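In: here is a sequence with its predicted model. Questions after.
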Amino acid sequence: MKKRTLALCLLGLYGTAVIAVPAPVTDVTASDSDKRLDEIERRLKTRTDAQHRQQEQLDIIQNEVNELRGAIEVQNYQLEKILERQRELYLEIDKRIESVLTAVPTQSVASNVPSSTQVDTPAPISANENDAYDKAVNLILKDKLYDQAIPEFQAFLQNFPNSDYIPNAKYWLGQLLFNKQDWEGAGEQFQSLVSQFPDSTKRADALLKLGITEMERANIARAKQLWEQVITEFPDSSSSKLAAKRIEAL
């Protein structure tokens, strides 16, 4: 009986010892660190992707701004040319009105003079001269027949060498040849305009384009000299700005 009681007591103590053994500890700290790193990496990736998208949008906006600036510059240049052409048309109209007013009193006086003493007084601008110039200009402005306008201006220069329209006619002819890349022919007209008509309103643009014709014929030093002349003589003109860009590109 004592032996059985002792055995039971030993068994109870063994069982208590078994139950009292602590459970193994799980490494919770390592798992939390991995989760935090994953979360940080995810947030960094999200932020990086957002920055890339923003940079792409900024690049697109910058390209659009550059295109708009270029378009505005082109439009400004075209507007300046239109305004310049309008001023020329006003000057031509003024010249024609003045010619008519000058011719009228001359004709009135001549009609009152006896035929034996009447003297022929030529009008400042003949009707043929006006018609010839208008025909050549209208081929450009109205009909857009540029090739046909070339011989018309050539004929005008030959038939009316003393006309007030000679500077403009030389410029128009030079521009037409310039557009056809006839650098030599265009250069001759622009050079003639610059040399013979220093007060012409076309002088600045003629100097600029004369420089371009020289550049196209590989006369770089001469081209630079002409562009510098444009900047010196017409510092505030659009031709001066274009000449400066040409020099910078050399």
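Out: Received the coordinates, thanks.
In: I'd guessed Leu250 sits against Lys224; true?
Out: Yes - because the distance of 6.3 Å satisfies CB atoms under 8 Å, Leu250 is recorded as touching Lys224. Just so you know, the C-beta spots here come from the backbone N, C-alpha and C atoms, and that holds for glycine as well.
In: looking at the two, which one has more neighbours?
Out: For Leu250 versus Lys224, neighbours defined as other CB atoms under 10 Å are more numerous around Lys224 (17 against 10).
In: now what about the host helix or strand of that one, what contacts it?
Out: According to DSSP states H and E, Lys224 maps onto helix 220-233. Helix 220-233 has contacts (CB atoms under 8 Å, 6 or more residues apart in numbering) with 203-204, 207-208, 210-212, 214-215, 237, 239-240, 243-244, 246-247, 250.
In: cool, stretch 45-54 as well?
Out: Counting by CB under 8 Å, 6+ apart, no residue sits against stretch 45-54.
In: try stretch 174-186
Out: 140, 146, 149-150, 153, 187-190, 193, 206, 209, 212-213, 216-217.
In: mind doing that once more with 7 Å?
Out: 146, 149-150, 189-190, 193, 206, 209, 213, 216-217 (CB atoms under 7 Å, 6 or more residues apart in numbering).
In: buried residues in it?
Out: For stretch 174-186, the neighbour count (16 or more other CB atoms under 10 Å) marks 174-178, 182-183, 185-186 as buried.
In: turn these into CSV, columns for secondary structure and pLDDT.
Out: Below are the buried residues of stretch 174-186 laid out as CSV (DSSP: H, G, I helix; E, B strand; the rest coil; pLDDT from 0 to 100):
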residue, secondary structure, pLDDT
Gly174, helix, 94
Gln175, helix, 93
Leu176, helix, 93
Leu177, helix, 94
Phe178, helix, 94
Asp182, coil, 95
Trp183, helix, 95
Gly185, helix, 95
Ala186, helix, 95
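In: which among those gets closest to Arg43?
Out: Distance to Arg43 across these (CB to CB) is lowest for Phe178, with 62.8 Å.
In: if I look at the closest one, how far off is Gln196?
Out: For Phe178, the distance to Gln196 equals 18 Å [CB to CB, to the nearest Å].
In: same question for Ile231.
Out: In terms of CB to CB, Ile231 sits 22 Å off from Gln196.
In: between these two, tell me which one has more neighbours.
Out: Shown here are Ile231 and Gln196; by other CB under 10 Å, Ile231 has more neighbours (19 against 11).
In: in helices, which of the contacts of helix 220-233 appear?
Out: Residues of the contacts of helix 220-233 located in helices (DSSP state H): 203-204, 207-208, 210-212, 214-215, 239-240, 243-244, 246-247.
In: okay, now the domains of this protein?
Out: The chain breaks down by automatic domain parsing into domains covering 57-93, 133-250.
In: dump these to CSV, plus distance to Ala50.
Out: Compiled in CSV, those are given as follows (distance: least, CB to CB, whole Å):
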stretch, distance to Ala50
domain 57-93, 11
domain 133-250, 40
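In: for Phe153, which non-adjacent residue is spatially closest?
Out: Once flanking residues are discounted, Phe153 sits nearest to Leu173: 4.1 Å by CB to CB, 6 or more residues apart in numbering.
In: Gln189 is in contact with the one you found, correct?
Out: Yes - checked against CB atoms under 7 Å, the pair Leu173 and Gln189 is within contact range at 5.0 Å.
In: quick one: the helices in the chain, in order.
Out: Under DSSP H, the chain gives helices at 2-20, 28-111, 127-141, 146-159, 166-179, 183-196, 203-216, 220-233, 238-248.
In: from the contact counts, what lies against the third one?
Out: Read that as helix 127-141. helix 146-159 (3 or more CB pairs under 7 Å, 6 or more residues apart in numbering; DSSP states H and E).
In: switch the cut-off to 10 Å
Out: helix 28-111, helix 146-159, helix 166-179 (3 or more CB pairs under 10 Å, 6 or more residues apart in numbering; DSSP states H and E).
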